[in-house]
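Provide a 3D model corresponding to the input given below.
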Amino acid sequence: MTKVYIENYGCARNRADGEIMAGLLLSSGYEIVEGEENADIVVVNSCAVKDPTEVKIARRIRELLDRGKKVIVTGCLPHVNPDAIDERVSAVLGVKSIDRIVQAVEYALRGEKLISVPDWRKRNLDKLDFPRLSPRGVHFILPIAEGCLNGCTYCATRSARGVLKSYSPEKIVEWVKWAIRQGYKEIWLSAEDTGCYGFDIGTNLAKLLDEITAIEGEFRIRVGMMNPNHVLKFLDELIEAYKDEKVYKFLHLPVQSGDNEILRRMGRTYTVEEFEEIVNAFRREFPDLNLHTDIIVGFPGESEEAFQRSLELIKRIKPDKVNVSRYSPRPGTIAAKWKQLPGWVVKERSRIMHRVRLQISYEINQRYVGRKVDILVHGEGKKGNVDAVTMNYKHIIIPRGEKGEFARAKVNGATSTYLLGEIVD
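Next comes the predicted model:
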């Protein structure tokens with residue numbers, strides 16, 4: 001039996017694509033293995049959101065080929081920078097061609113090559129129609145849409161994923177019910193931008209959450225990243241949906257810059273003030289809101305004053321976590337054509353922002369010490385400990401706990417990235 005190893009990179013949305021390909025291969029008689037050592041074919045399910053990631057994946061593809069492995073490349077890289085892919089690969093599939101993975105493997109076994117990236121925009125693929133092979137863990141990744149409605153000048157993902165295609169609420173609800181029957185306790189709603197879910201089919205994320213929380217069973221919902229310009233359109237409705245106990249009080253709301261002119265150059269279509277309006281509205285209802293945001297430093301045209309405004313914003317709103325990215329130009333994007341800042345400037349701004357965000361995260365997490373919190377145990381973590389999450393999705397390390405168990409824990413310590421505690425009766 002031919003053995004296939006799928007190596008996933010990037011976001012949860014991409015990992016879900018990997019699980020779909022695994023499901024299709026398994027149902028066609030192929031064996032899915034962990035690790036490339038025993039695999040006849042390796043599928044590299046790529047990401048292309050940042051230049052360093054692309055370099056890493058291109059190196060990995062060459063390394064596998066040099067070892068004599070047959071390699072199939074899927075994911076975003078074939079759309080964003082196909083030239084980075086070694087010509088020796090057996091197949092290249094775009095994100096809307098993953099249903100051809102079985103055909104790609106058959107080609108590879110015959111020593112032929114399949115390229116299925118051109119004309120991908122003409123394909124109308126509903127990925128909820130395909131089987132899945134998901135790890136038997138606590139959480140289940142559920143794509144609710146593909147593509148987005150934004151036009152960010154720095155982002156190459158839209159050139160890979162296309163414009164918004166929301167999946168039907170009925171199919172999403174059926175998948176949630178299936179996941180709960182399988183024993184999953186946590187549903188990750190995933191998309192390039194969950195905030196615009198449903199805009200193309202006459203609904204929205206809040207309505208979807210209402211349908212999912214009405215499903216019987218003890219489980220939790222983790223909502224993926226949503227952009228501020230879309231959230232503003234149904235803010236009150238979304239906050240109301242978040243009040244259900246099944247929804248983690250976790251909000252990933254990227255701001256990207258604290259300067260309105262830079263936001264305009266980024267094509268972000270909201271202001272710093274509107275971002276803060278959303279944050280404040282959520283925090284009024286959920287004082288323990290776990291707020292994550294994203295910041296890009298070194299964007300073309302970012303002056304020292306603009307960078308300082310980003311720093312001031314982070315110090316003012318105090319997010320629980322800031323994902324700091326150094327701007328790197330991506331092929332085919334508008335911003336790649338603009339004058340770039342010196343690398344040393346970008347690196348220094350990244351270091352400064354990183355120090356600030358770690359200090360803020362540490363101060364916030366220290367406030368949890370001594371408190372008792374409800375948790376969901378994820379399972380074995382590093383160094384023999386057990387990983388769990390609180391009901392606002394803060395990670396807490398505990399000495400013992402049963403995977404999938406809802407429990408009560410006391411927080412005994414904290415770092416800038418996680419809490420430390422123990423289950424109490």
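
which residues touch residue 25?
With contact set as CB atoms under 8 Å, 6 or more residues apart in numbering, residue 25 has these partners: 4, 32, 101-102, 105. (Each C-beta comes from the backbone N, C-alpha and C, glycine too.)

nearest to residue 340 among those?
For the contacts of residue 25, the residue nearest residue 340 by CB to CB is residue 101; the value is 37.4 Å.

what sits closest to the closest one if chain neighbours are left out?
Using CB to CB, 6 or more residues apart in numbering and skipping residues adjacent in sequence, the residue nearest residue 101 is residue 21, 4.4 Å away.

what about that neighbour, neighbour count?
If you count neighbours by other CB atoms under 10 Å, residue 21 ends up with 29.

format the contacts of residue 25 as TSV; extra columns: secondary structure and distance to residue 75.
Putting those into TSV (DSSP: H, G, I helix; E, B strand; the rest coil; distance: CB to CB, whole Å) gives the following:
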residue	secondary structure	distance to residue 75
4	strand	15
32	strand	17
101	helix	12
102	helix	17
105	helix	16
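
just the buried subset of those, please.
Neighbour-count burial (16 or more other CB atoms under 10 Å) applied to those gives 4, 32, 101-102, 105.

how is the residue nearest to residue 101 assigned, secondary-structure-wise?
Per DSSP: H, G, I helix; E, B strand; the rest coil, the local secondary structure of residue 21 is helix.

excluding its backbone neighbours, what's nearest residue 263?
Residue nearest to residue 263 in three dimensions, not counting chain neighbours: residue 257, with 5.3 Å by CB to CB, 6+ apart.

in contact with that neighbour, which residues?
Contacts of residue 257 by CB under 8 Å, 6+ apart are 263, 266, 268, 272, 295-296, 299, 302, 306, 309-310.

output the residues you listed in CSV; the columns should cover distance to residue 387, neighbour count and pLDDT.
Rendered in CSV, the data for the contacts of residue 257 read as follows (distance: CB to CB, whole Å; neighbours: other CB atoms under 10 Å; pLDDT from 0 to 100):
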residue, distance to residue 387, neighbour count, pLDDT
263, 36, 22, 97
266, 35, 25, 96
268, 34, 24, 95
272, 35, 22, 98
295, 26, 26, 98
296, 29, 25, 97
299, 34, 27, 97
302, 37, 24, 97
306, 38, 19, 98
309, 36, 19, 98
310, 31, 27, 98
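
residues of the longest helix anywhere in the chain that come out buried?
The helix that spans the most residues within the chain, counting by DSSP state H, is helix 343-366. Residues of helix 343-366 classed as buried by neighbour count (16+ other CB under 10 Å): 346, 349-350, 352-353, 356-358, 360-361, 364-365.

farthest pair within the buried ones among the contacts of residue 25?
Between any two of the buried ones among the contacts of residue 25 (CB to CB), the greatest distance is 12.4 Å, for 32 and 102.

which residues touch the least confident helix or strand in the chain by mean pLDDT?
Least confident helix or strand, the chain: helix 157-161 with a mean of 73, by mean pLDDT, DSSP states H and E. Applying CB under 8 Å, 6+ apart, the set of residues contacting helix 157-161 from outside is 48-49, 75-76, 78-80, 94-95, 146-148, 150-152, 192, 332.

swap in 7 Å and give it another go.
48-49, 76, 79-80, 95, 146-148, 192, 332 (CB atoms under 7 Å, 6 or more residues apart in numbering).

returning to what we had before: what pLDDT is listed against the residue nearest to residue 101?
Residue 21 is assigned 95 on the pLDDT scale.

list the contacts of it.
Residue 21 sits next to 6, 43, 74, 98, 101 when contact means CB under 7 Å, 6+ apart.

if I look at it, how far off is residue 98?
In this view, residue 21 and residue 98 are 5 Å apart by CB to CB, to the nearest Å.

from residue 283, how far out is residue 35?
According to CB to CB, residue 35 stands 44 Å off from residue 283.

neighbour count: the two, which is higher?
Using other CB under 10 Å, the more surrounded residue of residue 35 and residue 283 is residue 283, with 14 against 9.

about what we covered before: determine which two of the contacts of residue 21 are furthest apart.
Distance extremes for those: the farthest pair is 6 and 98 at 10.6 Å, using CB to CB.

for the closest residue to residue 53 other than its chain neighbours, phi and psi?
In this structure, residue 53 finds its nearest non-sequential neighbour in residue 47, 5.3 Å apart by CB to CB, 6+ apart. With angles defined as degrees, to the nearest 10, residue 47 sits at phi -130, psi 150.

check residue 197 too.
For residue 197, the backbone dihedrals (degrees, to the nearest 10) come out as phi -50, psi 130.

could you pull out the helices in the stretch 101-250 of the chain for me?
Taking DSSP state H, counting those that start in this stretch as the test, the helices found in the stretch 101-250 of the chain are 101-109, 157-161, 169-181, 205-213, 228-231, 235-242.
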